[in-house]
Structures are given as structure tokens and as C-alpha cells.
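*Asks:* Provide a 3D model corresponding to the input given below.
(one chain, ligands or ions: 1)
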Amino acid sequence: MVLKLYGTPMSTCTSRVLTCLHEKSLDFELVPVDLFAGEHKQPPFLAKNPFGQIPALEEDDLTLFESRAITSYVAEKFKGSGYDLIRHENLKEAASVKVWTEVESHRYNPAIAPIVFQFLVAPLQGNLPDQTIIDANLEKLGKVLDVYEAKLTSTKYLAGDFYSLADLHHLPYTYYLMKTPAASVVNERPHVKAWWEDISSRPAFKKVAEGMNFVKK
Ligand SMILES: N[C@@H](CCC(=O)N[C@@H](CSO)C(=O)NCC(=O)O)C(=O)O
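*Replies:* Model (predicted):
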């Protein structure tokens, strides 16, 4: 069984999977996909992900795409290896992990992704950050983080007093957000700030963040 991850470390969604693989102490091969050359839109990669986006994971005859589906598969299949990200021995805790992974996917990600795009990707395409888009999404993100601030006064992490896949899924975009002026949306909320500092200091993510040098400090 060889795990092959197709993507690039600077990509948030690839680094979401990379962090999971490291937390699970798994061996894998990272197969670079050249976004700038449009490799992800060519037939060989489209056969792995018909939507033409990275990452994709191959394990023998299994091919997966969607980073959060990949991390869930890895966390489940290798539940006995490395750190338990899904609380597989406690159904109620596992259910809470599922709640907060859904929150990240449906409420946090749609608000944070456009902000990161405007600050870090638009300039690479020769455009100025669109402050209207940034402001509108900062308001949405602030509302989500107000809920996080309240939750994190009662539990150390989002799903409970244990680090889980729910926290992990937040790492890549928040890492880039913290390199923009919008970092204040985290820093002005003390429990969110403490949570961010805790989860981003885990060795598995620090290793992945070394490859996320898309943004020079
Ligand atoms: N919901 C999917 C999103 C993948 C994605 O946006 N991939 C980006 C790079 S990560 O930011 C991508 O492939 N962008 C290039 C493109 O869309 O052409 C997932 O979680 O895997």
C-alpha cells in the first residue's frame, strides 16, 4: 500500500491533507502538480479529480479527491496510527468532531477563503485586493469567530478538550490569514487567538507550514 498525494504544499487544501498524514505518522509520496503550467486541468490529473483541483490521493486502486474527504478516510483507516483525530473510541466525541468539521466547511471556509484570495492571490494576478469583498467576508468571518470565542471559553478545542480533525481543517487558510492585515479578526478574540497559537504550534503542522512559503513574511 503506497499513499500518493497529488498537489503542492503551498496549496491550502493540499496542506490540510499533509498535516493529517503527519499527525497519523504515515509514509506517503507527495507528487507535485504544476498549477502554473495548468497540469491540474490536463487529462491525466482530471482522471484523478474531474473537477481539476488539487489535492487528490491514490492508494492502490482507490482514488479520492476533496481534501476533507481524504483526511476523514485517512483518519478512519489509520485510526490506530499516530494521533487519534476523530475520537473513534467515543461516539459522542466523534459526533462533536463531525459537527465542527461541518462548521469549518460550510461557515468558516466560505468566509475566510475570499479574504485570503484577495490579499494573497489577486496581487499575483496583477490585481489590487478588492476591499469590498474583504470587508463583506470579514463581517461574516467575525460572526463565525464570535461563536468560536464563546465555545472556546468552555472547551480548549472546538469539538471538546481534545485536538481533533475539526481544528486541523482550519489550519491552512488561517495560517495565510494571519499573514494579512485581517489577522486582527483572530488576534482581537483572546480565546480564538490562544486556540490558534496552540493548534498551529503542533509539530505536524509546523512541518507543513515550512512548505507554505507562498507568502514572504
Ligand atoms: N474543496 C476542495 C477545494 C480544492 C481547491 O480549491 N484546490 C485549489 C488549490 S487549494 O486552494 C486548486 O486546485 N486551485 C486551482 C484551480 O481551482 O484551478 C478541497 O477541499 O479539496
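
*Asks:* what's the helix or strand for the closest residue in space to residue 166 that isn't next to it in sequence?
*Replies:* Spatial nearest neighbour of residue 166, chain neighbours left out: residue 100 (3.5 Å); criterion: Cβ to Cβ, 6 or more residues apart in numbering. In this view, the C-beta of every residue, glycine as well, is placed from N, C-alpha and C. According to DSSP states H and E, residue 100 maps onto helix 91-103.

*Asks:* What average pLDDT does that helix get?
*Replies:* Mean pLDDT, helix 91-103: 98.

*Asks:* Residues contacting that helix, please?
*Replies:* 68, 72, 85-88, 144, 158-160, 162, 164-167, 169 (Cβ atoms under 8 Å, 6 or more residues apart in numbering).

*Asks:* Could you point out which of those is nearest to residue 196?
*Replies:* Nearest to residue 196, judged by Cβ to Cβ, of the contacts of helix 91-103 is residue 167 at 9.6 Å.

*Asks:* so that closest one sits right up against residue 158, yeah?
*Replies:* Yes: Residue 167 is in contact with residue 158 according to Cβ atoms under 8 Å; the separation is 5.6 Å.

*Asks:* circling back to that earlier point, may I see the buried residues of the helix holding residue 100?
*Replies:* Buried residues in helix 91-103, counting neighbours by 16 or more other Cβ atoms under 10 Å, are found at 93-94, 96-98, 100-101, 103.

*Asks:* Next SSE downstream of that helix?
*Replies:* Next element after helix 91-103 (DSSP H and E): helix 109-116.

*Asks:* Helix 91-103 and that next one, what's the angle between them?
*Replies:* For helix 109-116 against helix 91-103, the angle by axes from the mean of the first three to the mean of the last three Cα atoms, to 10 degrees is 40 degrees.

*Asks:* contacts for the helix or strand just after helix 109-116?
*Replies:* Remark: after helix 109-116, the chain's next helix or strand is helix 131-151, criterion DSSP H and E. Helix 131-151 has contacts (Cβ under 8 Å, 6+ apart) with 103, 107-108, 110-112, 114-115, 118-119, 158, 182, 185-186, 189-192, 195.

*Asks:* Residues contacting stretch 181-190, please?
*Replies:* Outside stretch 181-190, the residues touching it (Cβ under 8 Å, 6+ apart) are 115, 119, 134, 138, 141-142, 145-146, 148-149, 174, 177-178, 192-193, 196.

*Asks:* If you rank those by neighbours, which is first?
*Replies:* residue 115 (25 neighbours; other Cβ atoms under 10 Å).

*Asks:* Check that residue and give its pLDDT.
*Replies:* So residue 115 comes in at 98 (pLDDT).

*Asks:* Ok, residue 216 next?
*Replies:* Looking at residue 216, its pLDDT stands at 44.
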